[in-house]
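[1] Fold the following.
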Amino acid sequence: MKHRWLAGLSAFVVILGGTGQPVAWADDRIVSQPFVVATGLDQLKAEGFDGRGVTIAVIDTRIDLSVPELAGADIEVRATCETGSRRHATGVVSLLANQVWGWAPKAHYHLYAVSFFNDLAEGCEGNSEDMIHRAINDGADIISISGGTGEPWWTLIRAALRGIPIVIGSGNDAEVLYPPLVMGYNNTLVNVGATDMSGVRSPYSQYGPGLTVVAPGNPIACRGENSNGDLTFITYDCWGTSLSTPMVSGALALAMQAWPQAHGNQLIASLIASATRHGDGWNEEYGWGNLDAIELVHSDPSQFSTDSPLIDAIPGRGPTFQHFQDYINHTLDTSYGSVNPLDTDYQQRTFADYQGYKVPTDPVETPTPPTSPSDEPVNTPTVSRPWAWIVGGIVLLGVLVMMTAVLIRRRSTQ
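    Numbering: from 1, shown residues only. From the prediction side, this is the model:
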């Protein structure tokens, strides 16, 4: 059965018959991308931000590491899948890891290959939910995923408690985000829609409750495949929310590099607060607004809570506050699904990373955009100065001594 979010792959046409081995490449390569200037990534690169020290897990199709766009990238294939095209993952990872125009060329990448068309496909090591757990177990800082199925609430809770953002594409069906089987239609996820390079929502981009932000999704240069599945040519009009997703994952990686002590949920809140709004607050077509990578990287996220700011993004959907508490207390209602065996936190009952974590009973306050420096009131800090009291006391004592001496002299002359 094909679910609606699979249309998100139609922008990267998948030729199922393509099972040929990757070919060697000459000097033909994609040398530039329009999003670099459109998003301000060129400025961040000039400032030295390159994702160094961050591990990004990408859950996608299998990949062709031989393409010139991935030369020099630090990529490990952590899970293989012997079915499907290589085009999708190759294009997505290139947007992140390309050494010239990629968002985070010096980050470390883990690639977990899955079959988006069949969770139980022969030759694959697991489904998207399995790979989220494997990514967490392998030390991912950010998880970037183009799509998935089901309602893996316990899995999403684990990632949220650990502060690992999961960034996912909203889909390309040009309709409201609502299908219950779409993984993106769950709380805690950073759900990304698409725009053109001028920031206008792309007509195909799905929208509605759960949409977090939007980022460029077209037009983008990517590789096309021949009848053998080899990525032998370049096309310059690729599109889709699958391409918007690494824009946000990459921007978060640069923010992690800039603020290494920040909790992942603080960075998500900063992403929301720094986005360019369309009107007041959340908008069904743009979410909290357009990605503003420069503002995100430059803004100190420590002002925000470490609670997930997306825990109630979709009213009536899970995971809810109670699901979080049940997971922590080990009192799960398994009618919502059992815990994945790869969840070592739950299986071993080791919650050291969030011991004493208390899930708020009220909705988490939505982060507000930072005010500009010119609008911020100047507050003079009140500083305790004990030395000032000492000096004042000495002066007062001196005055008293002088007054006493004057009185004694007057009396002696009378």
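
[2] which secondary structure elements does the helix or strand harbouring V58 contact?
    Secondary structure assignment for V58, by DSSP states H and E: strand 55-60. Based on contacts counted as 3 or more CB pairs under 8 Å, 6 or more residues apart in numbering; DSSP states H and E, the elements that strand 55-60 packs against are helix 87-97, strand 108-113, helix 128-137, strand 142-145, helix 241-258. In this view, the C-beta of every residue, glycine as well, is placed from N, C-alpha and C.

[3] So which of those is nearest W288?
    Using CB to CB as the criterion, the shortest distance between W288 and the helices and strands packed on strand 55-60 is 11.6 Å, found for helix 241-258.

[4] Beyond the closest one, next helix or strand please.
    Proceeding N to C from helix 241-258, the next assigned helix or strand is helix 264-274, under DSSP H and E.

[5] contacting residues around the helix or strand just after that next one?
    Sequence-wise, the next helix or strand beyond helix 264-274 is helix 293-298, with elements assigned using DSSP H and E. Taking contacts as CB atoms under 8 Å, 6 or more residues apart in numbering, the residues outside helix 293-298 that touch it are 39-41, 43-44, 49, 247, 251-252, 254-255, 258, 267, 270-271, 274, 370.

[6] cutoff 6 Å now
    With contacts defined as CB atoms under 6 Å, 6 or more residues apart in numbering, helix 293-298 is touched by 39-40, 44, 251, 254-255, 258, 270-271, 274.

[7] most surrounded residue in those residues?
    Counting neighbours by other CB atoms under 10 Å, A251 comes out on top of the contacts of helix 293-298 with 31 neighbours.

[8] what's near enough to touch it?
    293, 296.

[9] Read off the pLDDT value for it.
    With respect to pLDDT, A251 has a value of 98.

[10] next one: T334
    On the pLDDT scale, T334 is placed at 76.

[11] where's it relative to S270, distance?
    In this structure, T334 and S270 are 35 Å apart, going by CB to CB, to the nearest Å.

[12] With I164 instead?
    15 Å.

[13] next one: Y185
    24 Å.

[14] per the record, what domains does this structure have?
    Listed by automatic domain parsing, the domain ranges of the chain are 4-354, 385-414.

[15] deepest of those, which one?
    Neighbour counts (mean count of other CB atoms under 10 Å) averaged over each of these peak at domain 4-354, with a mean of 20.

[16] Need the contacts of helix 293-298 in CSV (columns: distance to I59).
    As requested, those are exported to CSV (distance: CB to CB, whole Å):
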residue, distance to I59
T39, 23
G40, 27
L44, 25
A251, 18
L254, 21
A255, 21
A258, 25
S270, 24
L271, 20
S274, 26
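
[17] quick check, nearest of these to G287?
    Relative to G287, and with distances defined as CB to CB, the nearest of these is L271, at 10.4 Å.

[18] give the contact list for that closest one.
    If you count contacts by CB under 6 Å, 6+ apart, L271 has them with L296.

[19] 7 Å instead, please
    Shown in contact with L271 (CB atoms under 7 Å, 6 or more residues apart in numbering): 213, 252, 296.

[20] Also N186?
    The neighbourhood of N186, defined by CB under 7 Å, 6+ apart, consists of 151, 153, 156, 317-318.

[21] State the distance from it to G337.
    12 Å.

[22] from the contacts of N186, which two are the most distant?
    The most widely separated members of the contacts of N186, counting by CB to CB, are L156 and R317 (10.8 Å).

[23] So V167: helix, strand or coil?
    Counting by DSSP: H, G, I helix; E, B strand; the rest coil, the backbone at V167 sits in strand.

[24] Verify the stated contact: it with V192.
    Yes: using CB atoms under 7 Å, V167 is in contact with V192, at 6.2 Å.

[25] hey, what's in contact with both of these two?
    245, 248.

[26] Strands along the chain, start to end?
    For the chain, the strands identified by DSSP state E occupy 55-60, 74-79, 108-113, 142-145, 166-169, 190-195, 213-216, 220-224, 233-238, in order along the chain.

[27] So in that sheet, which strands flank the last one, and in what orientation?
    The one in question is strand 233-238. Strand 233-238 has the following strand partners under DSSP bridges: strand 220-224 (antiparallel).

[28] What of the first one?
    Sheet pairing for strand 55-60, assigned by DSSP bridges, gives strand 108-113 (parallel), strand 142-145 (parallel).

[29] and the nearest residue to A113 once chain neighbours are set aside, what are its bridge partners?
    The shortest distance from A113 to any non-neighbouring residue, by CB to CB, 6 or more residues apart in numbering, is to C81 (3.8 Å). Beta bridges link C81 to C124 when assigned by DSSP bridges.

[30] just I166 next, same as before
    Residues in a beta bridge with I166, per DSSP bridges, are I143.

[31] picking up where we left off before, got the strands paired with strand 55-60 as CSV, with mean pLDDT and distance to T90 columns?
    Rendered in CSV, the data for the strands paired with strand 55-60 read as follows (pLDDT from 0 to 100; distance: least, CB to CB, whole Å):
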stretch, mean pLDDT, distance to T90
strand 108-113, 97, 10
strand 142-145, 97, 14
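
[32] any chance of the ones you listed in TSV, plus distance to F233?
    Shown next, in TSV, are the strands paired with strand 55-60 (distance: least, CB to CB, whole Å):
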stretch	distance to F233
strand 108-113	23
strand 142-145	25
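
[33] With respect to D230, which of these lies nearest?
    The stretch from the strands paired with strand 55-60 with the least distance to D230 (CB to CB) is strand 108-113; that distance is 17.4 Å.

[34] which residues are in contact with the closest one?
    Residues from elsewhere that reach strand 108-113 (CB under 7 Å, 6+ apart): 55-63, 73-81, 89, 93, 97, 124, 131, 134-135, 138, 140.

[35] now the angle from that strand to helix 128-137?
    Inter-element angle recorded for strand 108-113 and helix 128-137: 160 degrees (by axes from the mean of the first three to the mean of the last three CA atoms, to 10 degrees).

[36] tilt between strand 108-113 and helix 87-97?
    Angle, strand 108-113 to helix 87-97, by the same axes, to 10 degrees: 170 degrees.

[37] thinking again about what came up before, wait, doesn't the residue nearest to A113 sit right on R62?
    Yes: with contact defined as CB under 7 Å, C81 counts as touching R62 (5.1 Å).

[38] check contacts around the nearest residue to D326 once chain neighbours are set aside.
    Once flanking residues are discounted, D326 sits nearest to L332: 5.1 Å by CB to CB, 6+ apart. Neighbouring residues of L332 by CB under 7 Å, 6+ apart: 154, 326, 339.
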